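J.: The sequence isn't on hand, but the structure is:
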């Protein structure tokens, strides 16, 4: 397998990207190609001992930033790491593309260069949702589609179900629909119609899930439109951060508190780690004809390493083809409506 | 002022309701009328010393439960505490109606019996949003309207702004729109159009607020559609609960941890209290021609007391009339579109 890694994307590129590649390379037997401005990447690579048959560099002169309009950037910057990297997947020169760069550019690049899986109306970003004190869930869509139709939510469920089972390794995942009430008739026009479609599928659909139950692991695959998904993900991040800050402030307020906190230092470390996204790897873009994984913009070397490792089953388990084959099922369900 | 209190609504009725009324009565000089099955309420009242000129009972034989279809329940149960209580407001026999009963029934009752404020398209539920380590924000809509038009979001902003300023006492509140990006052009069709309307208003509109910033007090009035609002509120509740559970579990795991936790017991108590909704009073229904406040279904006596106390400025500051007067402004803005 050949993993194409964007050397230019994210806040800590190329240093954290290169370091992550070196770390991952020690644990796997696949080839990693770091794409980007080669002199910068080589400069970073020099800092490490690595097997130069397992890590190589491909040159790409341009960089797409987060501030650029994604569609335009992808169309005009043909020599960018993102466009060239995704083209390598299309040409069969690589098996998976991993980047901490612009989500919009990765989505647009995936759509224009690789194209949608036939029958999938809207590709989606699937994000790991951390469960404090438990195994993470998968949230689809995490923000690619602010507005959705009911069949999009069915597609998100089917794609998330396959990824959760094949890549994360959870058999028969519980698929839940985020809604403002548990009864089938509750919610918006969108969720009511999506409920009916999901219920007719052959997935392990557990019905509507209220947002209150999402952090308590009410389902393995959390299905919602991209607006809601983005709100769920970012609110979780912000609230957890805020609670940890207040804990920190309170636990260092006074001698007695400080002493107590010193005794609990291991436990506090564990707590913080529960929210550490870097353990779980990146967010796959599902529904396009090739594996693309988006990493958090602030990914450190450990996050890069983990994303590379979790990318392997994405390829080996043929997730893209499995989704392709499941499309038939989607079409049968939606046509019967 | 005469406060009408639903003696039959909520999980702990009538005991917690009656106890809360007795507690509140000691702090205020207004009359509290508890409405419901009088023998049950009197039985509870007997347990306390109270001034029987300040607390009286009005009989209502029927009870509307959370399981009933709200519109139907309000139409058929004329002798219920909710229908009779709201009718008392209409007849001028009471100034505010407070209930821990069915949100749907309170909304329907408010709409049918009191009616919308002229010019308000959609009444909304406004809920206190707790900020850990800070002053609470106000979230509008918290779930009354799963689907909204842009002008509804403008109305939510205007009503929330007035309530925050007049009742909670925060001058020139920062009004923010929940969105999936901070730039004006980001988000869904709904949020883009709502942004333009809010920007033209004379409120202190701080623009789009990402969900990540909501728990960090990015704005005082959090504006969003009822689906998103419900997700924000319930996710916050569920996640905070989950984090506190994990803290509890970790901090009692082992002798060293237990000792540390013992030293931090005050701080942990403070932390828990940050999430205690009962301190802040209930959720006003804004946009109808009279003050109605919905309390959490699980309200205890302290929550009931606080809701009664916070209900007083809702009446004294003429929030309903102020909203009425502000409608002119809404109409000017939306007509100019």
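T.: Perfect, I can see it now. This one's a predicted model, so the numbers in the text were calculated from it and none came from an experiment.
J.: for residue A:20, what are its contacts?
T.: By C-beta atoms under 8 Å, 6 or more residues apart in numbering or on different chains, the contact set of residue A:20 is A:299, A:300, A:301, A:302, A:303, A:304, A:305, A:307, A:308. Just so you know, the C-beta spots here come from the backbone N, C-alpha and C atoms, and that holds for glycine as well.
J.: what do you get for residue A:245?
T.: residue B:133.
J.: hang on, the earlier thing: which one of the contacts of residue A:20 is nearest to residue A:223?
T.: For the contacts of residue A:20, the closest approach to residue A:223 (C-beta to C-beta) belongs to residue A:307, at 23.1 Å.
J.: so the closest one is in which element?
T.: Residue A:307 belongs to helix A:301-316 when elements are defined using DSSP states H and E.
J.: and if you look at residue A:120?
T.: Under the criterion of DSSP H and E, residue A:120 resides outside all helices and strands.
J.: Report pLDDT for the closest residue to it other than its chain neighbours.
T.: Closest residue to residue A:120 apart from its sequence neighbours, by C-beta to C-beta, 6 or more residues apart in numbering or on different chains: residue A:287 at 4.2 Å. What the model reports for residue A:287 is a pLDDT of 97.
J.: And for residue A:330?
T.: 67.
J.: buried ones in stretch A:313-322?
T.: Neighbour-count burial for stretch A:313-322 flags A:314, A:315, A:317, A:319, A:320, A:322 (criterion: 16 or more other C-beta atoms under 10 Å in any protein chain shown).
J.: Kindly indicate which of those lies nearest residue B:276.
T.: Among the buried residues of stretch A:313-322, and counting by C-beta to C-beta, the member closest to residue B:276 is residue A:314, at 43.8 Å.
J.: who touches that closest one in this structure?
T.: With contact taken as C-beta under 8 Å, 6+ apart, residue A:314 is in contact with A:96, A:163, A:167, A:284, A:291, A:293.
J.: for the last one, what are its contacts?
T.: Taking C-beta under 8 Å, 6+ apart, we find residue A:293 in contact with A:96-99, A:281-285, A:307, A:310-311, A:314.
J.: Pick the one among those closest to residue B:6.
T.: Looking across the contacts of residue A:293 and measuring by C-beta to C-beta, the closest to residue B:6 is residue A:283, at 46.5 Å.
J.: what about the closest one, distance to chain B?
T.: 15 Å (C-beta to the nearest C-beta, to the nearest Å).
J.: for residue A:273, same thing?
T.: Distance from residue A:273 to chain B, by C-beta to the nearest C-beta: 11 Å.
J.: Show me where the stretch 201-337 of chain A has its strands.
T.: Counting by DSSP state E, counting those that start in this stretch, the stretch 201-337 of chain A has these strands, from start to end: A:204-209, A:221-223, A:283-286, A:292-294.
J.: Make JSON lines from those and add distance to residue B:118 to it.
T.: Formatted as JSON lines, those follow (distance: least, C-beta to C-beta, whole Å):
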{"stretch": "strand A:204-209", "distance to residue B:118": "36"}
{"stretch": "strand A:221-223", "distance to residue B:118": "40"}
{"stretch": "strand A:283-286", "distance to residue B:118": "48"}
{"stretch": "strand A:292-294", "distance to residue B:118": "49"}
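J.: any idea which of the ones you listed is most buried?
T.: Mean neighbours per residue, mean count of other C-beta atoms under 10 Å in any protein chain shown, is largest over those for strand A:221-223, with a mean of 32.
J.: do that strand and chain B meet?
T.: No: using C-beta under 8 Å from any C-beta of the partner chain, strand A:221-223 stays clear of chain B, coming no nearer than 11.0 Å.
J.: Give the partner strands of that strand in its sheet and their orientations.
T.: Sheet pairing here is set by DSSP bridges, and for strand A:221-223 it gives strand A:137-140 (parallel), strand A:174-178 (parallel).
J.: of the contacts of residue A:293, closest to residue B:41?
T.: residue A:283 (54.9 Å).
J.: pretty sure that closest one contacts residue A:129?
T.: No: between residue A:283 and residue A:129 no contact is recorded; they are 10.4 Å apart, counting by C-beta atoms under 8 Å.
J.: For the longest helix seen in chain A, which residues meet the burial criterion?
T.: Secondary structure of chain A read by DSSP state H shows that its longest helix is helix A:226-250. Judged by neighbour count (16+ other C-beta under 10 Å), helix A:226-250 contains these buried residues: A:226-240, A:242-244, A:246-247, A:250.
J.: pLDDT below threshold where in the stretch 101-250 of chain A?
T.: Applying pLDDT under 70 to the stretch 101-250 of chain A flags no residue at all.
J.: all helices of chain A, in order?
T.: A:15-25, A:38-45, A:70-76, A:81-90, A:103-109, A:150-166, A:189-200, A:226-250, A:255-263, A:265-274, A:301-316, A:319-335.
J.: Make a markdown table from the ones you listed and add distance to residue B:155 to it.
T.: Shown next, in a markdown table, are those (distance: least, C-beta to C-beta, whole Å):
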| stretch | distance to residue B:155 |
| --- | --- |
| helix A:15-25 | 47 |
| helix A:38-45 | 53 |
| helix A:70-76 | 34 |
| helix A:81-90 | 42 |
| helix A:103-109 | 32 |
| helix A:150-166 | 28 |
| helix A:189-200 | 21 |
| helix A:226-250 | 20 |
| helix A:255-263 | 46 |
| helix A:265-274 | 40 |
| helix A:301-316 | 43 |
| helix A:319-335 | 36 |
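J.: re earlier: any idea how many residues pack against the residue nearest to residue A:120?
T.: 30 (other C-beta atoms under 10 Å in any protein chain shown).
J.: Could you measure from it over to residue B:225?
T.: As defined by C-beta to C-beta, to the nearest Å, residue A:287 lies at a distance of 26 Å from residue B:225.
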